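Asks: Predicted model follows, preceded by the sequence.
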Amino acid sequence: MSSRSGWPASTRRWATCADLQRHHIEEYKAWVGAKHGRYTGKPLNRISIKNRLINLHCFFDRITEWGYPNPPQRPLIFAGDLPIVDKPLPRFLDDAAATKLMRASRADSDPLSRLIVELLARTGIRKSELLGLTVDAVVQIGSAFWLRIPVGKLHNDRYIPLHPQLKEMLDDWITNHRPTGLRTDRLLLERNRPLTALRVATALSRLANEAGIGHVTAHQLRHTLATQAINRGMSLDAIAALLGHKTLAMTMYDLCPDRRQNRC
């Protein structure tokens, strides 16, 4: 709402923020919705419009809180003013594509890349959780082995059952490939340094290309595991526990393609 933007200073209908009324905001919303980007020449997308309205709302709040002269006399922008931004689900891999990726991974000569793909595909852990795994992550409870995911994004830790083949790969990595005597307790290392997000993305991209299935991300593998689980009859409670979700709503958000239409 500046003179540089062409609206509304050119109309000269208000002098200070104290003069602003709700109809000014409605006019601004209509104007910014029809505005074209300086470089693209196309109408602004919903994210750009939403960010402008949020910034304007914050500006009004700050000048009121900080005691600036002539602030707005009442709230002018509400949550309902913000456009709804689409959040498309990541494209999960169907069974055929997932099988191709696993075959390419197991045929690869790099043990670290193989382990990256197996961990992400078989456990559904987040990339940040993968990077944070420590050497004591594998624990035995009763006769079964589990992968302990430390406190992370949602401030809770959890245990994920380990497939026997993945357990063997982890044992082999610790015994034959991970250097000993290091100060760090990180499980996944390369050149004696903790693994990076770029290294994970590079491994996934290379193996996905070799498998002929296009671009694949860590989150796609997480979503793929959840989709496979629901298709095989696993309960939502069990899937939520597996993925580390605090609420079933989070799980439904990941699984239901019609969530935005409230048909889940």
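Replies: Received the coordinates, thanks.

Asks: Make sure N209 is indeed in a strand.
Replies: No: counting by DSSP: H, G, I helix; E, B strand; the rest coil, N209 is located in no strand; its state is helix.

Asks: any low-confidence regions in the protein?
Replies: Within the chain, the segments meeting pLDDT under 70 span 1-13, 86-90, 151-156, 247-264.

Asks: So which residues make contact with the single longest helix found in it?
Replies: Using DSSP state H, we find that the single longest helix of the chain is helix 46-65. Applying CB atoms under 8 Å, 6 or more residues apart in numbering, the external contacts of helix 46-65 come out as 1, 17, 28-29, 32-33, 37, 44, 71-72, 75-77, 81-86. C-beta: built from backbone N, CA, C; applies to glycine.

Asks: Likewise for stretch 218-234?
Replies: 89-93, 95, 98, 117, 120-127, 130, 200-201, 204, 236, 238-239, 242-243, 251, 254-255.

Asks: what's the answer for stretch 129-145, then?
Replies: 116, 119-120, 146-150, 152-153, 159, 161-162, 167, 170-171, 174, 178, 185-188, 194-197, 200, 218, 244.

Asks: rerun at 6 Å
Replies: L119, W146, L147, R148, I149, G152, L162, K167, L170, D185, L187, L195 (CB atoms under 6 Å, 6 or more residues apart in numbering).

Asks: ok, and the most crowded of the residues you listed?
Replies: L119 (27 neighbours; other CB atoms under 10 Å).

Asks: Can you tell me how far it is from I25?
Replies: 49 Å (CB to CB, to the nearest Å).

Asks: Relative to F92, how far out is the residue most central in space within the chain?
Replies: Closest residue to the average C-alpha location of the chain: H219 at 7.1 Å, with CA atoms, centre = their mean. From H219 across to F92, the span is 10 Å (CB to CB).

Asks: quick one: the strands in the stretch 51-200 of the chain?
Replies: Here the stretch 51-200 of the chain has its strands, by DSSP state E, counting those that start in this stretch, at 138-141, 144-149, 158-161, 189-190, 193-194.

Asks: Mind giving me the packing neighbours of the fourth one?
Replies: Applying 3 or more CB pairs under 6 Å, 6 or more residues apart in numbering; DSSP states H and E, one finds that strand 189-190 makes contact with no other helix or strand.

Asks: The third one now?
Replies: Using 3+ CB pairs under 6 Å, 6+ apart as the contact criterion, the elements in contact with strand 158-161 are strand 144-149.

Asks: Strand partners (parallel or antiparallel) of the strand it packs on?
Replies: Partners of strand 144-149 in the sheet, by DSSP bridges, are strand 138-141 (antiparallel), strand 158-161 (antiparallel).

Asks: and those strands, which is most packed in?
Replies: strand 158-161 (a mean of 18; mean count of other CB atoms under 10 Å).

Asks: Now tell me what touches that one from outside.
Replies: By CB under 6 Å, 6+ apart, strand 158-161 touches T123, W146, L147, R148, I149, G244.

Asks: what does stretch 176-185 give?
Replies: P111, T134, V135, L189, N192.

Asks: Report the backbone C-alpha coordinates of that stretch in PDB.
Replies: Only the C-alpha atoms of stretch 176-185 are listed here, as PDB (Å, rounded to 0.1, in the frame of the first residue of the first chain):
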ATOM      1  CA  ASN A 176      33.100 -52.800   8.000                       C
ATOM      2  CA  HIS A 177      32.500 -49.200   6.700                       C
ATOM      3  CA  ARG A 178      32.200 -46.800   9.600                       C
ATOM      4  CA  PRO A 179      35.500 -45.600  11.000                       C
ATOM      5  CA  THR A 180      36.200 -46.200  14.700                       C
ATOM      6  CA  GLY A 181      37.800 -43.900  17.200                       C
ATOM      7  CA  LEU A 182      36.000 -40.700  16.000                       C
ATOM      8  CA  ARG A 183      34.600 -38.000  18.300                       C
ATOM      9  CA  THR A 184      31.200 -38.000  16.600                       C
ATOM     10  CA  ASP A 185      28.600 -40.600  17.400                       C
END
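
Asks: So which bits of it are buried?
Replies: R178 (16 or more other CB atoms under 10 Å).
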